[in-house]
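Asker: sharing a sequence plus its predicted fold:
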Amino acid sequence: MSENPENAVEFRDVGFQIGAAKILDRLNLEIRRGEILVLLGESGCGKTTTLKLINRLIEPTSGEVLVDGRRTIEWDAIRLRRRTGYVLQEAGLFPHFTVAENVALVPRLENRDAAETNRKVLQLLEMVGLDAAKFANRMPHELSGGQRQRVGVARALAANPDLLLLDEPFGALDALTRVGLQKEFAGLVRELGKTAVFVTHDLHEAFILGTRICLMDKGTIAFLGTPPQFRKSELPLVKNYLETIAN
Amino acid sequence: MSLLEFLKQNWAELLVLTREHLVLVLVSTALAVSIGVPLGVLLTRRKSLQTPVLGIANILQTVPSLALFGLLIPLPLVGGIGAKTAVIALTVYSFLPVIRNTVTGILSVDAKTREAAVAMGMTDRQILRMIELPLAAPVILTGIRVAVVIAVGVATVAAAVGAGGLGTYIFRGLRQNDNNLLLAGALSSALLALFCDFALGQFEKSFDYKTRAANPRRKYVAAGALALVLAIFGLGFISNFESRIPSTIADQTIRVGSKDFTESVILAEILAQMLEKRGLAVERRFELGGNLAHDALVSNNLDVYPEYTGTAYTAILKHPPVTDTTRVYDETKREYAEKFDLLISPPLGFSNDFAILVRGAQARENGLRTISDAVPLARGWQAGFGQDFMSRADGYQGFAKAYGFDFARQPREMDLSLTYRALAAGQVDIIAGNSTDGLIAALDLFQLADDKKYFPPYQAVYIARRDRAEILREPFEKLNDAVSTDEMRRLNYAVDGEKLTPKQAAENWLKAKGL
């Protein structure tokens, strides 16, 4: 088994089941450094499960997941998660922390220098398009949905991870806010040279963000390729998807 | 005397009692929180323990407080009488709201928030400390607030096991038929509960993150309120613990107890003062309810207390009632020595028999003199008896049978001291009081003669631990036949009617007797 140093993440024959229910079935997938891989699919297709296997929020019931060439079950789970940025739907901000405290969480857990962290937090807030002076000391419930999502992204970037995992981060936003954020985010990730795995059920989003699109169906990969390849695919499932945006 | 005058005269004592009350509540709440919160956290980690642990806490809280105090007395380590037992009982009552709210508070933290914390790479401890506990804090504090309010209420019962507190006034007020005492005790504890509730409520608000950024000043208000509560608690704590919980029970210290009625307190006070005049240190553990004094004596939490031969013979030794005075005394003395290794003093002179009482006016109208005279009239009467009289072997059952009483209505079972009031107020028509009670004259009640000699004799004596025999021999001899029934009635009236303290009444009597 050769290891390709270009792969940030590798799934090898990965299965995941809860009781008798197979959520993932013999999944093989390589995620390359610097790409944005979009996991696309209906709810229940296994895309979020795939994401959670990467930072060991769950462990595979068969096969193995490698991060930086090392099996996730050999990683110290805490270390692995701290070096992986994670953004949840509706941001998942800590409601009793200020915006700045939310963003500073992982550096603080890692006991990084406080003054340095502070500077970094303000810089990150500006980077995700928030006026740091205005927002740093606000509480999450005082922000709009879009603003909360920007804070969520800033928090994921705070520890300067190479890998970002995003679970439908823009799913709950109104269409206008969503389109703006998608474009900004795509630009930001490319500019920073991060690897990102992005879960969505929205084909528009997949086209805007994805270097590659991985369409999942019933725990297996139905299609894997670039957006132009996706458009040309003759697969019935892909065609169904394309019809949804044609209308 | 108006309540205001009463407060003016007694504010110092009221403060001491309030402090004692607060100390009981503080110590028990602190214990309940320091055990209950970690236990609650454990229950959120081991869900299978939830049902059994919460179930047990639930059951514990339904045990009536006086029963719980009674159950604790004979136990080693946790038992005995005084502040310690009370604190343990109060802690038990405080557990449920603390544990339950800790569990509820933590489990109600949003699943998304928890997931985010795990995904950020927080350890379980960090999640608990930084996320779960702060977010659950308002709910946990609500539980603590409930626990404190419950404890303030239940602590009034602690007076029955000699732990002091505001209940002392309430029990004393009931016994002495004194509204000022009752009100002072009840109102103070109610105010205390309201105050604690308010102060903790303010503190709780400071944990609501929704107001955190909007109104930072609120934090100071809350901190101030909490500091005030702690300061008051602290005050009580410092000046009280030395006096209430003796650091060493030196051999020279005699622990004198009494039961929870005026006469018993006066007799205990007389003995205590005689011992103090001889230069001995005395620890007073007065106003113990039910058979607590006896249990305390047996379990070496008490050295001596006043008792009645008839009570010892029937209620403790469980013999059927006997009317021969000498036989009761001799047999009680012998069996106490054999069974409990306790000694009984020579009789004090008077007997405190059950007195069947009716209103004076009623007796005069119908020419009633003996209990037998009342039997034909009593069919339509409402009787009111103390719990003691209803339950003991020489009490209601045997009494009604011996005289052929046939009450149309079930006798009302109530607190003994309340039966006097109820009789005078016409709410009941016949009661069983004590023949030496000062209230008999004060409320114009009439004692019907026990013409069938049903009631066993209740000679007053002291019961003491054998290892105290040396120290107690002389005072026992001096008090032998020293108190007549008339004198005892006057002593009781001095306290119940003229509102002297038992201490003053005892002092006056000792002086007059030249003891």
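Answerer: Yep, it's here.

Asker: alpha carbons only for contacts and neighbour counts from here, please
Answerer: Fine.

Asker: and the residue of the stretch 301-450 of chain B that's closest to chain A?
Answerer: As assessed by CA to the nearest CA, chain A sits closest to B:Asn301 within the stretch 301-450 of chain B, at 51.4 Å.

Asker: and that residue, what's its pLDDT?
Answerer: What the model reports for B:Asn301 is a pLDDT of 84.

Asker: do the same with B:Leu479
Answerer: Reported pLDDT for B:Leu479: 93.

Asker: next, the contact list for whichever residue of the stretch 151-300 of chain B sits closest to chain A, please.
Answerer: Chain A sits closest to B:Tyr209 of the stretch 151-300 of chain B, with a gap of 5.1 Å, by CA to the nearest CA. Neighbouring residues of B:Tyr209 by CA atoms under 8 Å, 6 or more residues apart in numbering or on different chains: A:95-96, A:139.

Asker: could you rerun that using 7 Å?
Answerer: Contact analysis of B:Tyr209 by CA atoms under 7 Å, 6 or more residues apart in numbering or on different chains lists A:His96.

Asker: what sits against B:Thr332?
Answerer: Here B:Thr332 is in contact with B:309, B:312-313 (criterion: CA under 7 Å, 6+ apart).

Asker: mind listing what's buried along the strand or helix carrying it?
Answerer: In this assignment (DSSP states H and E), B:Thr332 forms part of helix B:325-340. Neighbour counts over helix B:325-340 (16 or more other CA atoms under 10 Å in any protein chain shown) mark B:328-329, B:332-333, B:336 as buried.

Asker: and if you look at stretch A:53-72?
Answerer: Buried-residue list, stretch A:53-72, by 16+ other CA under 10 Å: A:53-60, A:62-69, A:71-72.

Asker: give the rounded mean pLDDT of it.
Answerer: For stretch A:53-72, mean pLDDT is 92.

Asker: could you list the residues in contact with that stretch?
Answerer: Contact partners of stretch A:53-72, identified using CA under 7 Å, 6+ apart, comprise A:3, A:8-17, A:52, A:77, A:80-81, A:84, B:119.

Asker: any quick PyMOL command for the buried ones out of the residues you listed?
Answerer: Selection of buried members from the contacts of stretch A:53-72 for PyMOL, criterion 16+ other CA under 10 Å:
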select buried, (chain A and resi 8+9+10+11+12+13+14+15+16+52+77+80+81+84) or (chain B and resi 119)
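
Asker: out of the contacts of stretch A:53-72, which sit inside strands?
Answerer: Residues of these located in strands (DSSP state E): A:8-17, A:84.

Asker: from these, pick the one nearest chain B.
Answerer: Of all those, chain B sits closest to A:Thr84, with 8.1 Å by CA to the nearest CA.

Asker: need the contact list for the closest one.
Answerer: Residues in contact with A:Thr84 (CA under 7 Å, 6+ apart) are A:55, A:161-164.

Asker: name the member of the contacts of B:Thr332 with the most neighbours.
Answerer: When neighbours are taken as other CA atoms under 10 Å in any protein chain shown, the top entry among those is B:Thr309 (30 neighbours).

Asker: need the residues of chain A near chain B, please.
Answerer: Residues of chain A lying near chain B by CA under 7 Å from any CA of the partner chain: A:57, A:78-79, A:81-82, A:86, A:92-94, A:96, A:106, A:138-139.

Asker: ok so, going back, tabulate the contacts of B:Thr332 (JSON lines), appending secondary structure and pLDDT.
Answerer: Below are the contacts of B:Thr332 laid out as JSON lines (DSSP: H, G, I helix; E, B strand; the rest coil; pLDDT from 0 to 100):
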{"residue": "B:Thr309", "secondary structure": "helix", "pLDDT": "92"}
{"residue": "B:Ala312", "secondary structure": "helix", "pLDDT": "90"}
{"residue": "B:Tyr313", "secondary structure": "helix", "pLDDT": "89"}
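
Asker: of those, which are in range of chain A?
Answerer: Answer for these near chain A: none qualify (CA under 7 Å from any CA).

Asker: if we can go back for a sec, return the subset of the buried residues of stretch A:53-72 lying in strands.
Answerer: Using DSSP E to define strands, the subset of these located there is A:62-67, A:71.

Asker: how about the buried residues of helix B:325-340 in JSON lines, adding pLDDT?
Answerer: Formatted as JSON lines, those follow (pLDDT from 0 to 100):
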{"residue": "B:Val328", "pLDDT": "91"}
{"residue": "B:Tyr329", "pLDDT": "93"}
{"residue": "B:Thr332", "pLDDT": "93"}
{"residue": "B:Lys333", "pLDDT": "93"}
{"residue": "B:Tyr336", "pLDDT": "93"}
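
Asker: from the residues you listed, which is closest to A:Ala114?
Answerer: The closest of the buried residues of helix B:325-340 to A:Ala114 turns out to be B:Tyr336 (CA to CA; 75.0 Å).

Asker: re earlier: which of the ones in strands among the contacts of stretch A:53-72 lies closest to B:Asn434?
Answerer: Checking the ones in strands among the contacts of stretch A:53-72 against B:Asn434 by CA to CA gives A:Gln17 as the nearest, at 79.1 Å.

Asker: run through the residues that contact that closest one.
Answerer: For A:Gln17, the contacting residues are A:23-24, A:61, by CA under 7 Å, 6+ apart.

Asker: what's opposite it in the beta bridge?
Answerer: For A:Gln17, the residues forming beta bridges with it (DSSP bridges) are A:Lys22.

Asker: any stretches of the chain with poor pLDDT?
Answerer: In the absence of a named chain, chain A is used. Residue ranges of chain A with pLDDT under 70: A:1-3, A:246-247.

Asker: hmm, I had chain B in mind actually
Answerer: B:1, B:74, B:76-81, B:175-177, B:211-219, B:221-222, B:229, B:232-252.
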